[in-house]
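**Student:** With the input below, show me the fold.
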Amino acid sequence: MLTILAYSMIIVFMFLIMTKRLPAMVALIVVPIAFGLIGGFGAELGPMMLTGIKNLAPTGVMLMFAILYFGIMIDAGLFDPLIRRIVTLVQGDPVKIVVGTAVLAMFVSLDGDGATTYMITVAAMLPLYKRLGMNQLILACVIMLAGGVFNILPWGGPTARAASALGVDVSTIFVPMILPMVAGVCWVLVVAYVLGKKERARIGTVRLAAQASIRQASNVSALKPAQASLAASGEMDGTTGQWIAHASSVGEDSTVQARETDTTDSDPAFARPKLIWMNFALTALLLGLLIKGALPLPALFMIFFAIALMINYPRLEDQKERIAAHAVNAVPVVSLIFAAGIFVGILQGTKMVDAIALSVIAAVPDWMGPYLAIVTGLLSIPFTFFISNDAFYFGIVPILAKAAAVYGISPAEIGRASLIGQPVHLLSPLVASTYLLVGMAKVEFGDHQRFTLKWSITASLVLLVAAVVFGVIPLVGNL
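**Tutor:** Below you'll find the predicted structure:
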């Protein structure tokens, strides 16, 4: 009964948010309470919900002040030079922009912290996507795919959990996974290229004037009518830092139109160009302390937000205005975090998580025994989505490892296979940092899931195939 209740709750929740019957925040609160009442846990729901909220409270505080901090940095113009440089390098080509987003996200992901990856990459790239009219779902998708592959790093969390649960050395699990990770990185770049090509077909390209004139002169005759309207040229204003994009139609009955696109996202009234190096040093120090773990993340972001606010906007009125301006972004994200606390609290408090785990293990038939490494990899895709990493790695993986040992499959091989689902895991409503990503990228949670899910699944399958091809996990065990 509990197993049926658990699966029903998850199915109803996913249906409601992906079909937009309910917003994610409301569904996270209402659905688990309803199923908790159906299961007869009414008297116990209060303590369960409070426990879940308490567990996620530090994450909610961290995300709120992180959004406020990076909002202040954007207002002050810290990322403006970077955006201008990116515009110059990519020449306004959506393909280069999306691929560049993936590469940037990969580099930032090296610190192993998803929230940091999302904050830095979105803060740097979102203004460019908005100014060029690109689909912001692509931004969120590519960043998450990159983060999912790099989440396998030993300091990212899942690898350490798998090693601890199985009693093996972290390096024994991770080092062989480097080649599958390389394959995963290549796949992320392929996805970025494909999505970039679609955006190029939709909105066209903004190029530097000199290059555009040469390409237009040689390519106008080859353009189809539908493509002709997308040809564009432009130039960078070195004084204002604005990109002047001259969109022109070169088809029959062509007319020339001009539009101005500002590639920065900072209001001149709040920009602080004279403080750019101060803000850069402050942000570098923050990231350094974050990676070092000098203080808890919530405390770090609270402290540095207060310092950044005082340095850039010493007047009380300006401070209030900036906080109010970014509250629009912070409040929905933090609300989702606390709502997720209710979902997680009831899921764990009612033992629905345990029921799901036991049902999966019981459903694995004996004939699959020799293929348990592959089975573990495939199971990691849905199960790291529907339940937390802790529940999967400490509750399910050790049992799978014991069963696989009979067929000569080592715990380390099961541990590697258990990492396959990480690109999908980050899409889970149980992952707090995902709410930060959708909040900063200004996209709906359900839209993000629908758009990204197929690419995340393919990324996991690429990791699985590569792991088998490179001999990281066995296709068939030895009796």
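**Student:** residue ranges of the helices in the stretch 101-250 of the chain, please?
**Tutor:** 114-132, 136-150, 158-166, 170-174, 178-203, 209-219, 225-228 (DSSP state H, counting those that start in this stretch).
**Student:** Which residues belonging to the fourth one are considered buried?
**Tutor:** Buried residues in helix 170-174, defined by neighbour count with 16 or more other Cβ atoms under 10 Å: 172-174. (C-beta placed from N, C-alpha, C; glycine too.)
**Student:** So which elements touch the helix or strand containing residue 451?
**Tutor:** Under the criterion of DSSP states H and E, residue 451 resides in helix 445-469. If you count contacts as 3 or more Cβ pairs under 8 Å, 6 or more residues apart in numbering; DSSP states H and E, helix 445-469 packs onto helix 2-18, helix 136-150, helix 178-203, helix 372-386, helix 411-417, helix 422-425, helix 432-441.
**Student:** Tell me which of those helices lies nearest to residue 273.
**Tutor:** helix 432-441 (23.3 Å; Cβ to Cβ).
**Student:** Give me the angle between the closest one and helix 445-469.
**Tutor:** 130 degrees (axes from the mean of the first three to the mean of the last three Cα atoms, to 10 degrees).
**Student:** For residue 341, see how far away residue 110 is.
**Tutor:** The gap separating residue 110 from residue 341 is 30 Å, by Cβ to Cβ, to the nearest Å.
**Student:** Turn the buried residues of helix 170-174 into JSON lines, columns for pLDDT and distance to residue 53.
**Tutor:** Formatted as JSON lines, those follow (pLDDT from 0 to 100; distance: Cβ to Cβ, whole Å):
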{"residue": "172", "pLDDT": "86", "distance to residue 53": "37"}
{"residue": "173", "pLDDT": "86", "distance to residue 53": "33"}
{"residue": "174", "pLDDT": "84", "distance to residue 53": "34"}
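**Student:** can you redo those as TSV with distance to residue 128?
**Tutor:** Shown next, in TSV, are the buried residues of helix 170-174 (distance: Cβ to Cβ, whole Å):
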residue	distance to residue 128
172	42
173	37
174	34
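**Student:** middle-most residue in the protein, spatially?
**Tutor:** The residue lying closest to the centre of the chain (Cα atoms, centre = their mean) is residue 144, at 3.0 Å.
**Student:** residues contacting that one?
**Tutor:** Shown in contact with residue 144 (Cβ atoms under 8 Å, 6 or more residues apart in numbering): 423, 426-427, 434, 437, 448, 452, 456.
**Student:** the more surrounded of residue 110 and residue 341?
**Tutor:** residue 341 (24 against 13; other Cβ atoms under 10 Å).
**Student:** now, which of the buried residues of helix 170-174 sits nearest residue 478?
**Tutor:** residue 172 (18.7 Å).
**Student:** Now that closest one: closest residue in space, sequence neighbours ignored.
**Tutor:** residue 412 (4.7 Å; Cβ to Cβ, 6 or more residues apart in numbering).
**Student:** so that neighbour touches residue 166, yeah?
**Tutor:** Yes: under the criterion of Cβ atoms under 8 Å, residue 412 makes contact with residue 166 at 7.3 Å.
**Student:** Please say which of these two ends up with more neighbours.
**Tutor:** Applying other Cβ under 10 Å to residue 412 and residue 166 shows that residue 166 carries more neighbours, namely 24 against 21.
**Student:** Before we move on, what's the pLDDT of that one?
**Tutor:** Residue 166 is assigned a pLDDT of 82 by the prediction.
**Student:** Could you find the closest non-adjacent residue to it?
**Tutor:** Closest residue to residue 166 apart from its sequence neighbours, by Cβ to Cβ, 6+ apart: residue 411 at 4.2 Å.
**Student:** Verify the stated contact: that neighbour with residue 167.
**Tutor:** Yes: applying Cβ under 8 Å, one finds residue 411 in contact with residue 167, separated by 7.0 Å.
**Student:** Between these two, which is the more surrounded one?
**Tutor:** Each of residue 411 and residue 167 has its neighbours counted (other Cβ under 10 Å); residue 411 has more, 22 against 10.
**Student:** Distance-wise, check the more buried one relative to residue 401.
**Tutor:** Distance, residue 411 to residue 401, by Cβ to Cβ: 5 Å.
**Student:** where do the contact lists of these two overlap?
**Tutor:** residue 166.
**Student:** what sits against the residue nearest to residue 172?
**Tutor:** Residues in contact with residue 412, defined by Cβ under 8 Å, 6+ apart, are 166, 168, 172-173.
**Student:** Among those residues, which one sits closest to residue 332?
**Tutor:** Distances from residue 332 to the contacts of residue 412, taken by Cβ to Cβ, are shortest for residue 173, at 37.1 Å.
**Student:** Let me see the contact set for the closest one.
**Tutor:** For residue 173, the contacting residues are 159, 162-163, 412, 415-416, 419, by Cβ under 8 Å, 6+ apart.
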